[in-house]
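>>> Sequence plus predicted model, see below.
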Amino acid sequence: MALVVQKYGGTSVGTVEKIKSVARRVAKTKDAGNDVVVVISAMAGETDRLISLAKEITEMPDEREMDMLLSSGERVSSALLAITLKAMDYPARSFTGRQAGFITDGVHTKARIKKIEAQQVRDALARGEIAVVAGFQGVDELSHDVTTLGRGGSDTTAVALAAALQADVCEIYTDVEGVYTADPRIVPHARKLDRVCFEEMMEMASAGAKVLQVRSVEMGMKYGIPIHVRSTFTDKEGTMVVPFSEEMEAVLVSGVTHDKNQAKITVMGVPDRPGIAKALFTPIADAAINVDMIIQNVSQDGLTDISFTVARTDLPKAIEVMKEVVPTLGAKGFTTNADIAKVSIVGVGMRSHPGVAAKMFETLANEGINILMISTSEIKVSCVIEDKYTELAVRALHDAFIGERGSSGKGEEG
Ligand code: ADP
Ligand code: ASP
Ligand code: MG
């Protein structure tokens, strides 16, 4: 007997029929003698629908109220799943994030989990019930306001709960059969990975492979929770996210990812003196806006330009901050560009192979794609490009590094 945490994404619970089929899968796991905790997302499209309702009212809806609004989606689906299980004569009980004990910080719309007081879930399991937990939500430890964990946050609910309950495995059920060498919607011949290590998965997730939220991977790595990403609609084995092992380095590039949720801000004519970066980026950080890449140009006559990228969804908030800050810097002004995207290649094999970045630049150049910004880590190279070239870039990079038929890329020289 094992303790299994299963998370079902939005498309898996998009209709009542699909909720019934999820219930049957959950029941099967229970019948096999396991304790089962289910974490559930909002029904497909629901979170987007709620966001657009609020945006019909104002471009920048109040974030506390957004969390009240968005958390309702998971509340609906968790109750519907518990109703279905009970109608099938399986003891079940649904829990909101607060009831499941998710205590977070107070950063609305992208809160971080501080601790999990999962006693009510443990009690339910002890009574032989299936616990159905609303994903993506918690409660601020200070104000007791409802918080949400950022888009894709139900993944993090699941892995965090698996860690808190010391579950044997965390299964992430979704609409693809696992983690692929690229988004299978863009590269139809992308190959499913049987295994991927936490480090690679973390880089892939942070570079846009939305199949797992990056924080869920961080959590899995920190607490040693094996994550099994697999399909809701088949019984096939999916992808295991596991600790790094030496033979993984034989593959140069494991994945090509893209992220269209990107925007660039350029501050022009900034006085090039100590303290300027602090004066610019502290208010951005205080507004809970994550900055990804930063480039500062060579200065001329004591003035320079600084460009940086933020999530496109944070751009309206960033613009408000910039309107306040830019005049205080003595800068000439700022521009924004929301028509950009980031494409990345990720692989632990890069550690031991120089020349990978050069091959990436060459591949993009051969397609006539201009690179606007570059950043690298030990196991990742990212380029910012115009977003209209995203699909072309991903396909070209996949062909160059992984192979047109999705071969392993083993032994390739960079
Ligand atoms: P869920 O609703 O189950 O949480 P998501 O839409 O958040 O599902 O994530 C699954 C989607 O992630 C897939 O449908 C796929 O289009 C996309 N995706 C992007 N990159 C990858 C990748 N490398 N491997 C698998 N899926 C990916
Ligand atoms: N419903 C939320 C979203 O769409 C959380 C999730 O599905 O993981 O982002
Ligand atoms: Mg998701």
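Arrived safely, thanks for sending. Ligands and ions are numbered 1, 2, ... in the order given.
>>> quick one: the helices in the protein?
16-31, 46-57, 63-87, 119-126, 154-164, 198-206, 214-223, 276-286, 315-329, 356-366, 390-401 (DSSP state H).
>>> same for the top strand by length along the chain, what does it pack against?
Longest strand of the chain, by residue count under DSSP state E: strand 255-271. Using 3 or more Cβ pairs under 8 Å, 6 or more residues apart in numbering; DSSP states H and E, the elements in contact with strand 255-271 are helix 198-206, helix 276-286, strand 303-310, helix 315-329, strand 333-346, helix 390-401. Backbone N, C-alpha and C define where each C-beta goes, glycine included.
>>> Output those in CSV, with mean neighbour count and mean pLDDT appended to each entry.
As requested, those are exported to CSV (neighbours: other Cβ atoms under 10 Å; pLDDT from 0 to 100):
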stretch, mean neighbour count, mean pLDDT
helix 198-206, 24, 98
helix 276-286, 15, 97
strand 303-310, 20, 97
helix 315-329, 16, 97
strand 333-346, 20, 98
helix 390-401, 21, 98
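>>> of those, which approaches residue 184 most closely?
helix 390-401 (10.7 Å; Cβ to Cβ).
>>> Check which helices and strands that closest one sits against.
strand 255-271, strand 333-346, helix 356-366.
>>> picking that back up, pull out the buried residues from the longest strand of the chain.
255-259, 261-270 (16 or more other Cβ atoms under 10 Å).
>>> which one among these gets closest to ligand 2?
residue 261 (11.8 Å; Cβ to the nearest ligand atom).
>>> For ligand 1, find the nearest of the helices and strands packed on strand 255-271.
When the helices and strands packed on strand 255-271 are compared by Cβ to the nearest ligand atom, helix 198-206 sits nearest ligand 1, at 6.2 Å.
>>> Any residue of the closest one touching ligand 2?
No. Helix 198-206 stays clear of ligand 2 (Cβ under 6 Å from any ligand atom), getting no nearer than 12.5 Å.
>>> So is that helix next to ligand 3?
No. Using Cβ under 5 Å from the ion, we find that helix 198-206 stays clear of ligand 3, coming within 10.3 Å at best.
>>> what's that helix packed up against?
The contact analysis (3+ Cβ pairs under 8 Å, 6+ apart) places helix 198-206 against helix 214-223, strand 239-242, strand 255-271, strand 333-346.
>>> tell me the contacts of residue 33?
residue 1 (Cβ atoms under 8 Å, 6 or more residues apart in numbering).
>>> Show me how far stretch 361-375 is from its chain's centre.
Mean-position distance between stretch 361-375 and its chain equals 25 Å (Cα atoms, centre = their mean, to the nearest Å).
>>> Same check on stretch 320-333?
Worked out by Cα atoms, centre = their mean, stretch 320-333 lies 31 Å from the chain centre.
>>> Next, give phi and psi for the nearest residue to residue 213 once chain neighbours are set aside.
Spatial nearest neighbour of residue 213, chain neighbours left out: residue 152 (3.7 Å); criterion: Cβ to Cβ, 6 or more residues apart in numbering. Dihedral angles of residue 152 (phi, psi; degrees, to the nearest 10) stand at phi 80, psi 10.
>>> Turn the helices and strands packed on helix 390-401 into JSON lines, columns for distance to ligand 2.
Shown next, in JSON lines, are those (distance: least, Cβ to the nearest ligand atom, whole Å):
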{"stretch": "strand 255-271", "distance to ligand 2": "12"}
{"stretch": "strand 333-346", "distance to ligand 2": "19"}
{"stretch": "helix 356-366", "distance to ligand 2": "30"}
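>>> is it possible to export those to TSV including distance to residue 198?
Converted to TSV, the helices and strands packed on helix 390-401 look like this (distance: least, Cβ to Cβ, whole Å):
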stretch	distance to residue 198
strand 255-271	14
strand 333-346	12
helix 356-366	21
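>>> wait, which of those is closest to residue 223?
strand 333-346 (22.4 Å).
>>> What parts of this structure come near ligand 2?
9-10, 41-42, 47, 73, 135-136, 151-155.
>>> which two from the residues you listed end up farthest apart in space?
Spatial extent of the residues of the chain next to ligand 2 (Cβ to Cβ) is set by the pair 73 and 155 at 15.1 Å.
>>> These two - which one has more neighbours?
residue 155 (31 against 26; other Cβ atoms under 10 Å).
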